[in-house]
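**Student:** Provided below for reference: sequence and predicted model.
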Amino acid sequence: MRELSGQRALVTGGTSGIGRATAEALAREGARVLISGRSEARGAEVVAAIKEGGGEAEFVRADLESPDDVRALAARAANVDILVNNAGVFPAGATHELAEAAFDEAFAVNVKAPFLLTAAIAPKMVARGGGAIINVSTMVAAFGMAGLSAYGASKAAVALLTKAWAAEYGPKGVRVNAVSPGPTTTPGTDAMGDGFAAIVSTIPLGRAANPQEIAETIVFLASGRASYVNGAVIPVDGGRVAV
């Protein structure tokens, strides 16, 4: 039997990059996966790929900058056993050049949306006897990097929320953890060009991650193998945390 057979999962931002790899990995382990995203076309593509591999998946369109969309998604996903708060935006630029709208979007999508989803879904997990929540942070939540002030600050908030929720819901059977990825090759980072290469050059392993490497850690945290892991923010950054 596959490790997550019979479990239900929501992966936000599940139509590309780390989110898609996570949705596919959870489905391979037997979970029924609900994928949210903004693109109907990409959502349909991921669902088709999962079903072709023998998994179960469905897509719901949601713009997580909209609290109404977040609340509707939470209602749709009320019965999930696994919540992966992965969706995020990546504003880059010097602080004095960053538009206020970009700052607001970063905190709406990266912080407020996971907060509202967890607030709605975690109590339902508690009522059913347990569950697992995995947040996706970033290595730059732990140290300063020029041009990533708003992004890093938003993800630092996610890291703290992980610990607060672990203290709040852990005693009630819901484990809450996070992964802290390093530079990962995704459609979003492809556009960074030399800037991405410069970040990769700081990684002791000497390369970027692929999304599947991040997804494998998320699946571990969702599984019974991580039954005593709660409140952890696990670096998946090729050793960048060590330097």
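**Tutor:** Nice, thanks for sending it over.
**Student:** from here on, contacts and neighbour counts on C-alpha atoms
**Tutor:** Noted.
**Student:** quick one: residues contacting Val11.
**Tutor:** Gly19, Thr22, Ala23, Val33, Leu34, Ile35, Ser36, Leu83, Val84, Asn85, Asn86 (Cα atoms under 8 Å, 6 or more residues apart in numbering).
**Student:** the fourth one in helix, strand or coil?
**Tutor:** It refers to Val33. Under the three-state scheme (DSSP: H, G, I helix; E, B strand; the rest coil), Val33 adopts strand.
**Student:** quick one on the thing from earlier: dump the contacts of Val11 to a markdown table, plus pLDDT, distance to Gly195 and secondary structure.
**Tutor:** Formatted as a markdown table, the contacts of Val11 follow (pLDDT from 0 to 100; distance: Cα to Cα, whole Å; DSSP: H, G, I helix; E, B strand; the rest coil):
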| residue | pLDDT | distance to Gly195 | secondary structure |
| --- | --- | --- | --- |
| Gly19 | 98 | 22 | helix |
| Thr22 | 98 | 25 | helix |
| Ala23 | 98 | 28 | helix |
| Val33 | 98 | 34 | strand |
| Leu34 | 98 | 33 | strand |
| Ile35 | 98 | 30 | strand |
| Ser36 | 98 | 29 | strand |
| Leu83 | 99 | 32 | strand |
| Val84 | 98 | 28 | strand |
| Asn85 | 98 | 26 | strand |
| Asn86 | 98 | 23 | coil |
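**Student:** Thr138: which of these is nearest?
**Tutor:** Asn86 (10.8 Å; Cα to Cα).
**Student:** my guess is that closest one contacts Ile133. True?
**Tutor:** No. Using Cα atoms under 8 Å, Asn86 makes no contact with Ile133, being 10.6 Å away.
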